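Colleague: Provide a 3D model corresponding to the input given below.
(chains A and B)
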Amino acid sequence: MIQTRNLIDEHGLRTDGRTTDELRNVKIQVGIVKNADGSAYIEFGKNRIIAAVYGPREVHPKHMAQPDRCVLRCRYHMSPFSTDTRKNPAPSRREVEISKVMREALEPALILEDYPRAAIDVFVEVLQADGGSRCAGISAASVALADAGINMRDIVPACAAGKVDGKIVLDINDIEDKEGSADMPLAYMPHLERVTLLQLDGILNQEEFNECLDKALQGCKMIYEIQRKALIQKYFGDEQELKEES
Amino acid sequence: MSSSRRSTIIVEHLRRQQMTEAISKSKRLDGRALDEMRPLEIELGIIGKADGSSRVRLGSSEVVAGVKVETGEPFEGLENKGALILSAEVLPTASPYIEPGPPDEETIELARVVDRGVRESEMVDLDKLALIPGKVVYTIFVDCSIINYDGNLFDASSYAVVSALMSTKLPVFEVQAGESVVNTGKRTDPPLTTIPVSITAVKIGDSVILDPTAEEEACMDARITITTNSEGKFAALQKGSTGSFTIDQIKRAAEIARIKGEEVRTKIKELTNNGH
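Modeller: The predicted structure is shown next:
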């Protein structure tokens, strides 16, 4: 992690003009993949990610089926054109790990006991990556699961915080991820108040650790509002939303 | 996943009940306190052909790590840095439930979490390991073989990798005429800056315990692995498994990881006779 330029300028603004507490632009659209049982498209800064859910459906191979619950499977994949230099389309070790933590981030929110012997498949395709793609992917996937009508305990928003130029900032972008000094992605169920994904790359002292955790938590709450609005928009349209806000 | 180490280790219903009951009374089936680690043993230099090696036993979990140093091309974007490549393999010797084959996602996660602790703490000063910038650099391979599995492979492998690196004697390569690299046959200490120590805690019911055995892992709801450096700062963290934590539990786990990490660090220094 070599610092090659100032990541926060004299006005406290970051490379993309944001303050330390600001999210990138986040836009979520629900139900954009026609064949899927549920789907969502998220624009998160320059991230462009599609999440599609199939299921509950029959499990193949059959021996994977669980007699008392549903099997959740997740695939996080980056398209070859999603990065600066072409990415080999074969799944990398990074993608295998992200698929695993993503599944573990979503699973606590699902009532899998309601669908014994079945499988739910979540496919997250990163069309363009811009740092924080696992968080954006989880946020989209959890909306897609709700769109698929899966019984859920909560929605799972995800957001990172990190340390850049000695400051704790919300929602690390690509440049900050590569040149900053720490990155902490968090997924959080806002109603159950439970952390379902937490990782950390980079050095933080105890105080910074707690500050980072709290900041990422605030980010999750902001993302949650966007997820909620996107779902209301799809199922009740603009009108309902106006009524609710007034 | 049905193929996972955890779910294939069948803990009988009664045993599980016994365990959760004991843990809710702050006791464990092997007699340890909730925050007590199993005995740690480290042997160094057990593989003569490796540039550094160690065997670590954490209770009955056993890991052998070997370091091989070569020269090679730098990674893209990191042209002036040495390369560090870490792998882990859970050998079929480790348990009756493990079969040979390509690494499954649990093993990939294991290698990546151990790697993250070493890399993010900047234990090895890779800036000092470039030979011809942009062309030839030191490449350090650290490979971990899990010989026996009895839980907490994250910490056992991490301690094995760290102590193998601490025991490494780096072959000295020399650049001749600015273009060719030769092995001088001499050896030197590698540029190490800190000792990263990971501490893994798992949640069973409402209790959080350290250094879980295989049986305890089979009953866990969620896992968290936190790596600190010699200054007591956090360098890496990974939550795992399908359960969840409250924010308070995480903050507490972070503090425990700092305190227990320092205890383990002292132990590692003692066992490797290294004053870093």
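Colleague: how about the secondary structure of the residue lying closest to residue A:134 once chain neighbours are set aside?
Modeller: Leaving aside its sequence neighbours, residue A:134 sits nearest to residue A:98 (C-beta to C-beta, 6 or more residues apart in numbering or on different chains; 5.1 Å). For the C-beta atoms, the positions are set from N, CA and C on the backbone; glycine is no exception. Under DSSP: H, G, I helix; E, B strand; the rest coil, residue A:98 falls in the helix class.
Colleague: could you pull out the strands in chain A for me?
Modeller: For chain A, the strands defined by DSSP state E occupy A:26-30, A:38-44, A:47-58, A:71-78, A:118-128, A:158-164, A:167-170, A:182-189, A:194-204.
Colleague: turn those strands into CSV, columns for mean neighbour count and distance to chain B.
Modeller: Converted to CSV, the strands of chain A look like this (neighbours: other C-beta atoms under 10 Å in any protein chain shown; distance: least, C-beta to the nearest C-beta, whole Å):
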stretch, mean neighbour count, distance to chain B
strand A:26-30, 19, 22
strand A:38-44, 25, 20
strand A:47-58, 22, 16
strand A:71-78, 21, 8
strand A:118-128, 21, 11
strand A:158-164, 28, 11
strand A:167-170, 21, 13
strand A:182-189, 26, 7
strand A:194-204, 24, 4
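Colleague: tell me which of these lies nearest to residue A:231.
Modeller: Checking the strands of chain A against residue A:231 by C-beta to C-beta gives strand A:26-30 as the closest, at 5.9 Å.
Colleague: which ones are touching residue B:16?
Modeller: By C-beta atoms under 8 Å, 6 or more residues apart in numbering or on different chains, the contact list for residue B:16 reads B:218, B:219.
Colleague: element containing it, please.
Modeller: Assigned by DSSP states H and E, residue B:16 belongs to helix B:13-24.
Colleague: tell me the buried residues in the next helix or strand along the chain from that helix?
Modeller: With elements assigned by DSSP H and E, the helix or strand that comes after helix B:13-24 is strand B:40-44. For strand B:40-44, burial by neighbour count (16 or more other C-beta atoms under 10 Å in any protein chain shown) applies to B:40, B:42, B:44.
Colleague: for the residue nearest to residue A:134, give me the pLDDT.
Modeller: On pLDDT, residue A:98 comes in at 97.
Colleague: what number of residues lie near it?
Modeller: 29 (other C-beta atoms under 10 Å in any protein chain shown).
Colleague: does it touch residue A:76 like I think?
Modeller: Yes. Under the criterion of C-beta atoms under 8 Å, residue A:98 makes contact with residue A:76 at 4.4 Å.
Colleague: now do the shared contacts for those two.
Modeller: Among the neighbours of residue A:98, those also in contact with residue A:76 (C-beta under 8 Å, 6+ apart) are A:134, A:137.
Colleague: remind me, longest helix of the chain?
Modeller: The chain I'm using is chain A. In terms of residue count, the longest helix belonging to chain A (DSSP state H) is helix A:206-245.
Colleague: that's the other chain; I wanted chain B
Modeller: Ranked by residue count under DSSP H, the longest helix found in chain B is helix B:247-272.
Colleague: now do the buried residues in stretch A:144-163.
Modeller: A:144-148, A:150, A:152, A:154-163.
Colleague: and that stretch, average pLDDT?
Modeller: Stretch A:144-163 comes out at a mean pLDDT of 97.
Colleague: one more: stretch B:128-143?
Modeller: 94.
Colleague: where do the helices sit along chain B?
Modeller: In chain B, the helices defined using DSSP H lie at B:5-8, B:13-24, B:105-120, B:153-166, B:214-218, B:247-272.
Colleague: and those: which comes nearest residue A:17?
Modeller: For those, the distance to residue A:17 is smallest for helix B:105-120, at 28.4 Å, taking C-beta to C-beta.
Colleague: next, the angle from the closest one to strand A:182-189.
Modeller: When axes from the mean of the first three to the mean of the last three C-alpha atoms, to 10 degrees is applied, the directions of helix B:105-120 and strand A:182-189 differ by 140 degrees.
Colleague: show me what helix B:105-120 packs onto, helices and strands only.
Modeller: In this structure, helix B:105-120 makes packing contacts with helix A:93-106, strand A:194-204, strand B:83-90, strand B:136-148, helix B:153-166, strand B:197-204, strand B:222-228, strand B:234-240, judged by 3 or more C-beta pairs under 8 Å, 6 or more residues apart in numbering or on different chains; DSSP states H and E.
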